[in-house]
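Mind looking at a prediction? Sequence and model below.
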Amino acid sequence: MTGLRERVRPAEVALLVSVFVVAACGLVYELAAGALASYLLGDSILQFSTVIGAYLFAMGIGSYLSRFFDRQLVAHFLRIELLVGLVGGLMPAALFSLQTAAPSSFRMALYGLVLLVGMLVGLEIPLVMRILKRHFRERYALKDLVSQVLTFDYLGALAVSVAFPLLLVPSLGLVRTGALFGLMNAAVAVWALWLFRGELRGLRWHVAWCAAVVAALCAVMAGADRISTWAEDRFYADRIVYSESSRYQRVVVTSSKAGVRLFLNGNLQFHSRDEYRYHEALVHPAMAAHGAPRSVLVLGGGDGMAVREVLRYPSVERVTLVELDPHMTRLFAEQPLLRRLNGDALRSPRLTVVNQDAFAWLEQNPGAFDVIVVDFPDPTNFSIGKLYTTSFYTLIDQHLAASGYAVVQTTSPLIARKSYWTVAQTIETAGLSTTPYHAHVPSFGEWGFIMASRRPWRTPERLPDGLRFLTLEGLPALFQFPPDMARVPAEANRLSNQVLVQTFENEWGRVH
């Protein structure tokens, strides 16, 4: 009896550990699909919500289908493990490649793969529970079986939910992360093959399938960088000089004869051939109107371009840059090509860099600034949309000196007219006066900005030397809006409604 228990214990432990691995792998595939959808389709909240919903629905279908598996449970479990490891492990690589080769099919393929992986994962846990019950009946009452299996299931999910954004994606990337966890599923299959080899029919076929799946996943693991480079080279057209996934976003820098471009999650942030138009228009109307600003706060703008323009003013004694993603500030402070673009602004002794959420930083840090430059990405999702709310602009008001000016980049008043005036209404609802203006930036088209202050904006008497776009004579034209960009009624954007995100999505969606 003792010898029998010694033989049984490893199989029992292995099956419970496999539950942990299965849960971890299943969640990785779910998170990878959501992250890819966010990178390539935009609106991370919508994409993660629909991917998770489809995945959980498919798991329910898989759990229901498990009732029809009566015989050869170990063999079925082994095949499902191989299949989910192969499909889930290759999914990031396949979706990256598909977005490049056939972008019109991407959305259908995404949800098709999510549903398939979800159904396979939904089959796994019920089969493990039945295998445990069948082989170790004397050890488990039903309540103990369910308790143990679900405990390991939830622990696996917890481990991956923490590791995915903090460790896996920043260190390995999505393609290699998918392949790694596919190999973990395959390892569970190989372990089941070895433990239950005595009761499996067609053992050689199972061995061959295990070897083939492991070989395919190892090939993707080894070639992950080439796959990502190939897909991104075709997607971005220009030569990629830098690409990395941080815990917050996918950062890609491309270079060509036309210049350098920065993309965040696939969205263009600047083109070096005309970024000066954007950054001069963003910074100087507020800075020059103040006269002699000494303390300046820059929120967002981790590329250092806005800081470069701020540092043109000798009166500036300190600049605080609050940028969420340390990858951005490190990249633009270290890469020679990018340092030339921002004039080594991120290495200035007058600059303090803070890598923190701007909303939280404003809540936690007192102090007033003469000028506040708000250079966030467009409100494509709710996590960014909170930075365009009355709550956020109230914080801006609290940190703005009595004679100070804040300026916000505010999307296109031509393409996203209602979105633009929603921001103006939101700032005014927060208690600040607004001065809207716009400038033409060829890479973006007609682009909008809004100054906020407690006193009226006044035309500056002079601008810094060396500007390539702004002139004193040309400034008044920026503040004139033709009929197709004139103000329209809009509702204030609040944390409780986030109307701006939906408005922005609708207006820009018509363009695409």
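Structure's in. What do you need? Numbers count the residues shown, from 1 in each chain.

tell me the contacts of residue 436?
410, 413, 420, 424, 448-451, 479, 481, 487 (C-beta atoms under 8 Å, 6 or more residues apart in numbering). Glycine gets a C-beta too; all of them are placed from N, C-alpha and C.

So what's the gap between stretch 249-260 and the chain middle?
18 Å (C-alpha atoms, centre = their mean, to the nearest Å).

And the contacts of that stretch?
With C-beta under 8 Å, 6+ apart, stretch 249-260 has contacts from 39, 232, 236-245, 261-266, 271-273, 325, 327-328, 331, 335, 337-338, 341.

Equivalent analysis for stretch 420-427, please.
Here stretch 420-427 makes contact (C-beta under 8 Å, 6+ apart) with 388-390, 393, 408, 410-413, 434, 436, 448, 450, 452, 485, 487-494, 499-500, 503.

From residue 98, how far off is the residue nearest the centre of the chain?
By C-alpha atoms, centre = their mean, the mean C-alpha position of the chain lies nearest to residue 249, the distance being 3.8 Å. Separation of residue 249 from residue 98 (C-beta to C-beta, to the nearest Å): 21 Å.

List the contacts of the nearest residue to residue 166 once chain neighbours are set aside.
Nearest residue to residue 166, sequence neighbours excluded (C-beta to C-beta, 6 or more residues apart in numbering): residue 247, at 6.0 Å. Applying C-beta under 8 Å, 6+ apart to residue 247 gives the contacts 165-166, 169-170.

count of neighbours near residue 480?
Each residue near residue 480 was counted by other C-beta atoms under 10 Å, and the total is 9.

What helix or strand is it located in?
Using DSSP states H and E, residue 480 falls within no helix or strand.

tell me the pLDDT at it?
Model confidence at residue 480, expressed as pLDDT, equals 96.

phi, psi of it?
The phi/psi pair for residue 480 (degrees, to the nearest 10) reads phi -100, psi 130.

Next, work out how far apart it and residue 439 are.
Applying C-beta to C-beta, the value for residue 480 to residue 439 is 12 Å.

swap in residue 58?
48 Å.

cool, and residue 431?
27 Å.

Between the two, which has more neighbouring residues?
residue 439 (20 against 12).

Tell me who's in contact with the more buried one.
Contacts of residue 439 (C-beta under 8 Å, 6+ apart): 277-278, 281, 446-447, 449, 469, 478.

Can you tell me the SS state at it?
Under DSSP: H, G, I helix; E, B strand; the rest coil, residue 439 falls in the strand class.

Now do the same for it: its pLDDT.
Looking at residue 439, its pLDDT stands at 96.

Also residue 352?
Note on residue 352: pLDDT of 97.

That one sits in which helix or strand?
With DSSP H and E as the criterion, residue 352 is inside strand 351-354.

Over to residue 262?
For residue 262, the enclosing helix or strand under DSSP H and E is strand 259-264.

mind listing what's buried in the next helix-or-strand element following that strand?
If you walk from strand 259-264 toward the C-terminus, the next helix or strand you reach (DSSP H and E) is strand 267-271. Going by neighbour count (16 or more other C-beta atoms under 10 Å), the buried part of strand 267-271 is 269-271.

and the angle for the helix or strand just after strand 267-271 with strand 259-264?
Following strand 267-271 in sequence order, the next helix or strand is helix 275-290 (DSSP H and E). Helix 275-290 runs at 80 degrees relative to strand 259-264, counting by axes from the mean of the first three to the mean of the last three C-alpha atoms, to 10 degrees.

Show me what helix 275-290 is packed up against.
Under the contact criterion of 3 or more C-beta pairs under 8 Å, 6 or more residues apart in numbering; DSSP states H and E, helix 275-290 touches helix 305-310, strand 369-375, strand 400-409, strand 433-441, strand 445-453, helix 475-478.

and among these, the most buried is which?
Highest mean neighbour count of the helices and strands packed on helix 275-290: helix 305-310, a mean of 27 (counted as mean count of other C-beta atoms under 10 Å).

Three-state assignment for the closest residue to residue 26 other than its chain neighbours, please.
If you skip the residues right next to it in sequence, residue 26 has residue 121 as its closest partner in space, 3.9 Å away by C-beta to C-beta, 6+ apart. On the three-state scheme (three-state DSSP), residue 121 is labelled helix.

any idea how this protein splits into domains?
2-232, 236-269, 273-511 (automatic domain parsing).

Show me which residues of stretch 268-287 are buried.
Neighbour-count burial for stretch 268-287, counted by 16+ other C-beta under 10 Å, picks out 269-272, 274-287.

chain center to it: distance?
Using C-alpha atoms, centre = their mean, the offset of stretch 268-287 from its chain centre is 24 Å.

pLDDT of that stretch, averaged?
For stretch 268-287, the mean pLDDT works out to 93.

same thing with stretch 379-394?
Averaging pLDDT along stretch 379-394 gives 90.

can you give me the end-to-end distance of it?
Using C-alpha to C-alpha, to the nearest Å, one end of stretch 379-394 lies 18 Å from the other.

you'd agree residue 459 is in a helix?
No. Going by three-state DSSP, the assignment for residue 459 is coil, not a helix.

Can you read off the pLDDT for residue 176?
pLDDT, residue 176: 87.

Mind listing what's buried along the helix or strand hosting it?
Using DSSP H and E, residue 176 sits in helix 169-195. Counting neighbours by 16+ other C-beta under 10 Å, one finds that the buried residues in helix 169-195 are 169, 172-193, 195.

Off-centre distance for that helix?
On C-alpha atoms, centre = their mean, the centre of helix 169-195 falls 23 Å from that of its chain.

Could you give the separation of the strand or helix carrying residue 424 from the chain centroid?
In this structure, residue 424 sits in helix 417-429 according to DSSP H and E. Relative to its chain's centre, helix 417-429 lies at 25 Å (C-alpha atoms, centre = their mean).

now stretch 190-208
That offset, for stretch 190-208, works out to 41 Å (C-alpha atoms, centre = their mean).

Ends of that stretch, what's the gap?
11 Å.

if you average pLDDT over that stretch, what comes out?
Taken as a whole, stretch 190-208 has a mean pLDDT of 83.

For residue 361, which non-adjacent residue is spatially closest?
Nearest to residue 361 is residue 322, by C-beta to C-beta, 6+ apart, at 5.0 Å.

who's the one you found bridged to?
residue 299, residue 354 (DSSP bridges).

still on that earlier bit, and the furthest pair within the contacts of residue 439?
446 and 469 (14.3 Å; C-beta to C-beta).

and residue 373, bridged to which residues?
For residue 373, the beta-bridge partners are residue 298, residue 407 (DSSP bridges).

which residues touch the residue nearest to residue 361?
Residues counted as contacts of residue 322 (C-beta under 8 Å, 6+ apart) are 297-300, 354, 356, 358, 361.

Would you mind putting those into TSV with neighbour count alongside?
Below are the contacts of residue 322 laid out as TSV (neighbours: other C-beta atoms under 10 Å):
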residue	neighbour count
297	28
298	29
299	26
300	21
354	16
356	14
358	22
361	18
